[in-house]
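> Model the structure of this input:
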Amino acid sequence: MFTITKEVYFCYGHRLMNHAGKCRHLHGHSVKAAISIQQAQLNEQGMVCDFADIRDCVEAYIDEQLDHNFLLHKDDPIIPMLIANNERFLALDEHPTAEVLSKMLYQHIKQAGFNVVEVALWETASAYARYREDSV
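Numbers count the residues shown, from 1 in each chain. Coordinates of the predicted model:
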């Protein structure tokens with residue numbers, strides 16, 4: 001089995017409602033996401049796929065949905081103020097954690113037709129979350 005990994009970088013703001021620690025306050029992150037794609041056979045060019053194809057798929061989604069956006073839970077009481085001030089935000093059904101963002105990226109890449117095996121998202125230099133769909 002062959003696996004390749006493409007890293008992408010972006011920034012976002014968020015807060016975690018009802019969090020006991022500092023993350024309940026408005027703050028931002030500069031993150032790295034590592035997308036791993038797997039194939040049993042290499043293509044006619046001797047690749048799993050072109051790294052640029054992964055980049056193009058992921059960066060388009062990130063630019064539209066995540067980069068320099070404010071990610072909030074759909075019930076966050078700050079949303080009306082953001083709307084009133086014409087601020088960019090994305091309301092999510094789940095809390096905007098690194099775990100949830102790694103799953104969002106995974107699902108987008110899978111839906112685009114890539115055989116994604118894992119997405120890891122570093123929220124800080126020393127902490128990351130990853131999402132994969134393991135077969136049982």
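> all strands in this structure, in order from the N-terminus.
Ranges of strands within the chain are 2-14, 27-39, 69-73, 90-92, 116-124, 127-131, based on DSSP state E.
> Quick one: list the elements packing against the fifth one.
By that I understand strand 116-124. strand 27-39, helix 98-111, strand 127-131 (3 or more C-beta pairs under 8 Å, 6 or more residues apart in numbering; DSSP states H and E). All C-beta atoms are positioned from the backbone trio N, CA, C, and that covers glycine.
> OK, contacts around residue 7?
32-35 (C-beta atoms under 8 Å, 6 or more residues apart in numbering).
> Can you select the buried ones among these for me in ChimeraX?
Applying 16 or more other C-beta atoms under 10 Å to those, the buried members can be selected in ChimeraX as follows:
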select :33,34,35
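> before we move on, the earlier item: JSON lines please, covering the strands of the chain and showing mean pLDDT and distance to residue 50.
As requested, those are exported to JSON lines (pLDDT from 0 to 100; distance: least, C-beta to C-beta, whole Å):
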{"stretch": "strand 2-14", "mean pLDDT": "97", "distance to residue 50": "9"}
{"stretch": "strand 27-39", "mean pLDDT": "97", "distance to residue 50": "10"}
{"stretch": "strand 69-73", "mean pLDDT": "97", "distance to residue 50": "27"}
{"stretch": "strand 90-92", "mean pLDDT": "98", "distance to residue 50": "29"}
{"stretch": "strand 116-124", "mean pLDDT": "97", "distance to residue 50": "15"}
{"stretch": "strand 127-131", "mean pLDDT": "97", "distance to residue 50": "23"}
